[in-house]
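Colleague: got a structure for you, letters missing:
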RNA sequence: GGUCCCAUCGUCUAGUGGUUAGGACGCUGGCCUCUCACGCCGGAAACCGGGGUUCAACUCCCCGUGGGACUACCA
């Protein structure tokens, strides 16, 4: 591992959709690699066949791609250090297990799960830390043979000695664990498949990972892994444990807190660069008080020094705020493109909408969008078949003078020889003159009649988008409707 | 219970011995001769407690307290 070219990795286990916490870990690793010009490796930890699925793996890859987190080596991108699925690396773990057995660092354990469970229950009952007490630690060869003859398949446990395990964490500084407090842990399960801590050490070493950046929930695993590194004679990588994302109750963010999967945010209409920006900001900062940041800026300003040590609550309000910023400030064409699926989902025949017209509509309502999926309801006022007077609008139209204003509007619309683009100001001026009404009393009835709502984009924009025919029809409908009857 | 980690406004943070403790979200007042939103200008809002160290502690040390993570033949 060269100091100037770090190699980091993200190693998800495909047991579910990509969690924002994991996405943040991936992002930290990715930014670290990009900042220092290193390499970012993706490894799939699929050793548990019952919890793992190919479908989830595919979805995780898809979510990473959506976030534009790309990997230099991994599935679909061979780099000479593969394979990148642990399932395909079993022969490697076998090899190192043999080394450890020969070195006496590991021993077979014949305890059944039921026996272990009983031991654990006993310890918990006596208010002691549940851990393996070393029953099979010093079995004689004949004892082992007896077990094998009984048909028992052993798991392999790591023999823990006394002493301190110390290491320096890039984010947290000096860390120290007492090995004596740990129980001999399983390195290879009785089905021959390696357990997490063992596979990770072998893989990280073989893949020449220089820095392991992961959540603080792995802090205690690091102690165990360091022991394995030592027994194997491997030089351990540098570790950095970042803080966790928390739910509102300050416990580790999980499903019960609401949306946690990257996919859910995507479906809701959070932009990928927003989620990335937010995740990079959470529990950290960009310096200079900056909050809105491009990917390039995120990478160049990235530093583990800026990573906070304490957990950070996931604040959806702020995520939404950030999404609004990107929607308002982004490129209109690009925004339109990304809005298309949501417009379609709202039931519009996207293919038959005039693109230029659509862009004007989007430009008019983008200020009111928090997520992309909001576009559906926001657009309704521009479609005649979706136009309807809301209760609030009816309220407005019932007010004194309101119908006079609408009638004056209809007249002005009839007389208007201009396209609605230029006509707005003239129409408003003429309605004001005819009725003698101004301000809110003038605008609100017109807004209500023309859009059917009491809130919405600025009226000049609405007039510019709606056709003269639509405007006339809507005014006419209001006048001839139940509200328009002469009193 | 054990081991370990953490601790600045409600939330995310800046701050590395001397600051009127700064910014952002949210909340809130005002302005933008129509609304909502946007934008702009304001406001309320924090150094967990106790001991040290020091001329001086939010900042360093210790102890409490509080919160969290881990305690699997899951990863």
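Modeller: Received the coordinates, thanks. Being a predicted model, the structure only gives us computed values, none of them experimental.
Colleague: quick one: end-to-end distance for stretch A:273-291.
Modeller: Start to finish, the residues bounding stretch A:273-291 are 13 Å apart (C-alpha to C-alpha, to the nearest Å).
Colleague: tell me the buried residues in stretch A:325-343?
Modeller: Of all the residues in stretch A:325-343, those buried under the rule 16 or more other C-beta atoms under 10 Å are A:326-327, A:335-336, A:338-340, A:342-343. C-beta: built from backbone N, CA, C; applies to glycine.
Colleague: so residue A:438, which of the three states?
Modeller: At residue A:438, secondary structure determined by DSSP: H, G, I helix; E, B strand; the rest coil is coil.
Colleague: distance check, it against residue A:445.
Modeller: 12 Å (C-beta to C-beta, to the nearest Å).
Colleague: go on, residue A:277?
Modeller: For residue A:277, the distance to residue A:445 (C-beta to C-beta) stands at 42 Å.
Colleague: quick revisit: so residue A:438 and residue A:445 - more neighbours on which side?
Modeller: Just comparing residue A:438 and residue A:445: by other C-beta atoms under 10 Å the higher neighbour count belongs to residue A:445, 27 against 12.
Colleague: how about the residues of the stretch 151-300 of chain A near RNA strand B?
Modeller: A:155, A:172-173, A:175-178, A:181, A:185-186, A:189-191, A:193, A:195-197, A:216-221, A:243-244, A:246, A:249-252, A:281-285, A:289, A:291 (C-beta under 7 Å from any atom of the strand).
Colleague: list only buried entries from those residues.
Modeller: Buried members of these, counted by 16+ other C-beta under 10 Å: A:155, A:172, A:175, A:177, A:185-186, A:189-190, A:193, A:195-197, A:216, A:218, A:243-244, A:246, A:281-284.
Colleague: tell me the confidence at the closest residue to residue A:22 other than its chain neighbours?
Modeller: Counting by C-beta to C-beta, 6 or more residues apart in numbering, residue A:22 lies nearest to residue A:12, which is 5.8 Å off, once chain neighbours are set aside. Listed pLDDT for residue A:12 reads 97.
Colleague: so residue A:12, which of the three states?
Modeller: Per three-state DSSP, the secondary structure class of residue A:12 is coil.
Colleague: residues contacting it?
Modeller: Taking C-beta atoms under 8 Å, 6 or more residues apart in numbering as the contact definition, residue A:12 lies against A:18, A:22, A:26, A:42, A:44-45, A:60.
Colleague: out of those, which sit inside strands?
Modeller: Within the contacts of residue A:12, residues falling in strands by DSSP state E are residue A:42.
Colleague: just the contacts of residue A:12 now: which is nearest RNA strand B?
Modeller: RNA strand B has its nearest neighbour among the contacts of residue A:12 in residue A:45, at 2.9 Å by C-beta to the nearest atom of the strand.
Colleague: so what's the closest one up against?
Modeller: Contact analysis of residue A:45 by C-beta under 8 Å, 6+ apart lists A:11-14, A:86, A:196, A:199-200.
Colleague: so stretch A:34-48, near RNA strand B or not?
Modeller: Yes - applying C-beta under 7 Å from any atom of the strand, one finds stretch A:34-48 in contact with RNA strand B at A:45, A:47-48.
Colleague: off-centre distance for that stretch?
Modeller: 18 Å (C-alpha atoms, centre = their mean, to the nearest Å).
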